[in-house]
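Engineer: no sequence on this one, just coordinates:
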């Protein structure tokens, strides 16, 4: 009953005696995500999402699962901070440098699982395009103009699947990486 993953917010009000509150705290952050934070074991999530990736060798798939587990701990961080050792970082870069490790091959298992889950209910598919700007000086193949034309990068069009009642993001139904 007290499991934070299953609790629902209550909108009932109750009277509170102000003398029992003690010192006032900071007001709630209006930009904090609504609802309760979802917590899941990164290893279980990574295995579920990526263990079926077809990368030409079981060792590559295992490395992808390990990398996804590491990235799930703090998605806003980069590979050097996410990987636990220098060897993990080198292994991640070796995996991502393989011709079999395409964007499509790495993400397809997640997309497939998200679509399967969406088939079992009513969900919204939201359009989102993110501009990835590497700056004007980066010399890399496959980058096109972004921003006001001064930067170089890509456009990532994503299709997040969202539960309409609680705005729960199920996952991504698909993504397209393109350049102008």
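Structural biologist: Happy to help now that I have it. Fair warning: this is a prediction, and the values are worked out from it, not measured in the lab. Numbering: from 1, shown residues only.
Engineer: strand partners of the longest strand along the chain, parallel vs antiparallel please.
Structural biologist: As assigned by DSSP state E, the longest strand anywhere in the chain is strand 151-162. Strand 151-162 has its sheet partners listed here by DSSP bridges as strand 124-125 (antiparallel), strand 128-133 (antiparallel), strand 144-146 (antiparallel), strand 169-178 (antiparallel).
Engineer: including mean neighbour count and mean pLDDT, could those strands go into TSV?
Structural biologist: C-beta here means a position set from N, CA and C on the backbone, and glycine is covered the same way. As requested, the strands paired with strand 151-162 are exported to TSV (neighbours: other C-beta atoms under 10 Å; pLDDT from 0 to 100):
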stretch	mean neighbour count	mean pLDDT
strand 124-125	14	93
strand 128-133	12	92
strand 144-146	16	90
strand 169-178	16	93
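Engineer: could I get these as CSV with distance to residue 86?
Structural biologist: Shown next, in CSV, are those (distance: least, C-beta to C-beta, whole Å):
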stretch, distance to residue 86
strand 124-125, 40
strand 128-133, 27
strand 144-146, 33
strand 169-178, 29
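Engineer: of those strands, which is nearest residue 156?
Structural biologist: Closest approach to residue 156 among those is made by strand 128-133 (4.7 Å; C-beta to C-beta).
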